[in-house]
Each structure stands twice: as structure tokens, then as C-alpha cells.
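# sequence unknown, structure follows:
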């Protein structure tokens with residue numbers, strides 16, 4: 001986006017996302033089972049950014065109508081500004097570790113999931129009431145509609 005487009009873009013995004021309800025994300029059952037039995041690495045999906053300079057480890061989350069609605073809202077705003085969809089084929093996940101080093105691709109991220117309490121499945125449920133949008137060096141907090 002050009003500098004003069006950022007504020008109108010964020011305002012448009014805020015309007016669209018304000019129609020989306022707050023919801024919960026749930027980690028896929030297979031990943032929960034891996035974490036519960038201590039096989040955390042088996043639970044992770046490994047992703048790279050487009051520039052291939054950062055790698056992410058995440059837990060796959062269950063696809064839902066809430067997620068599909070969010071993606072559709074964001075993509076509609078991107079289209080209105082002549083931009084491609086955020087991800088043509090999204091991989092829904094919760095990022096739990098980032099490796100921004102220049103280490104070889106086959107190395108694992110330095111951080112792990114040691115903080116997860118494998119006796120508490122609720123650890124793997126996340127409340128989503130807002131999103132954060134980053135444009136350049138600016139961050140914007142975008143609230144979702146509260147559950148009623």
C-alpha cells in the first residue's frame with residue numbers, strides 16, 4: 001500500500017472486521033494428542049515466509065466458519081485496494097515459535113513448547129476478540145464484534 005492508502009485501508013478493514021464475531025480457536029485434535037503424549041515436534045507444522053528468511057512453527061487449528069468469514073472480509077478489503085488475497089490457500093495455525101536466523105533450513109527453531117501444560121486441554125483453546133494489522137512500521141488493533 002502507498003502511504004496515503006494506509007489509513008483508509010485500515011478504516012475499511014476495521015468496518016469489515018467489526019461485523020465478524022469474536023470466537024475461539026481450537027488446535028486440531030491430532031496436535032492436542034501429540035502434545036499430550038509429549039511428542040510436541042510431531043504436533044508442529046513448519047512454515048516459511050515469502051522471503052524465505054524466517055521460519056515459523058505452529059500448531060494447526062480447526063477450520064471454522066468464523067475463520068472463513070475473517071479471511072473473506074480481509075480478502076474483500078485487499079481486493080478493493082487492488083491487492084491479491086492474503087493467502088490463496090491459508091494454513092490456519094497458531095504460531096508458537098519463530099526462527100529469524102540465517103541457520104540452514106533443516107535446523108529446528110530455538111524455542112519450544114515447554115510452557116504448554118499437557119494435562120490441560122484448555123491450554124490449546126484461544127479466545128479471539130481482536131486482530132492486529134501491521135502496515136509498514138505501524139500496528140493497528142482491530143476489534144471483532146463481541147459475543148452477545
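Yep, it's here. Just so it is clear, the model here is predicted, and its values are computed rather than measured.

# what's the spacing between the closest residue to residue 93 other than its chain neighbours and residue 47?
In space, and not counting its chain neighbours, residue 93 is closest to residue 58: 3.4 Å by C-beta to C-beta, 6 or more residues apart in numbering. All C-beta atoms are positioned from the backbone trio N, CA, C, and that covers glycine. Between residue 58 and residue 47 the computed distance is 7 Å (C-beta to C-beta, to the nearest Å).

# thinking again about what came up before, which helix or which strand is home to the residue nearest to residue 93?
strand 55-60 (DSSP states H and E).

# now swap in residue 4 and tell me
Here residue 4 sits within helix 3-17, counting by DSSP H and E.

# same for that helix, what does it pack against?
On a contact count with 3 or more C-beta pairs under 8 Å, 6 or more residues apart in numbering; DSSP states H and E, helix 3-17 meets helix 65-80, strand 130-135, strand 138-143.

# what's the burial count for the residue nearest to residue 93?
20 (other C-beta atoms under 10 Å).

# what does residue 93 give?
By the criterion of other C-beta under 10 Å, residue 93 has 19 neighbours.

# Hmm, it is touching residue 63, no?
No. Using C-beta atoms under 8 Å, residue 93 is not in contact with residue 63; the gap is 10.8 Å.
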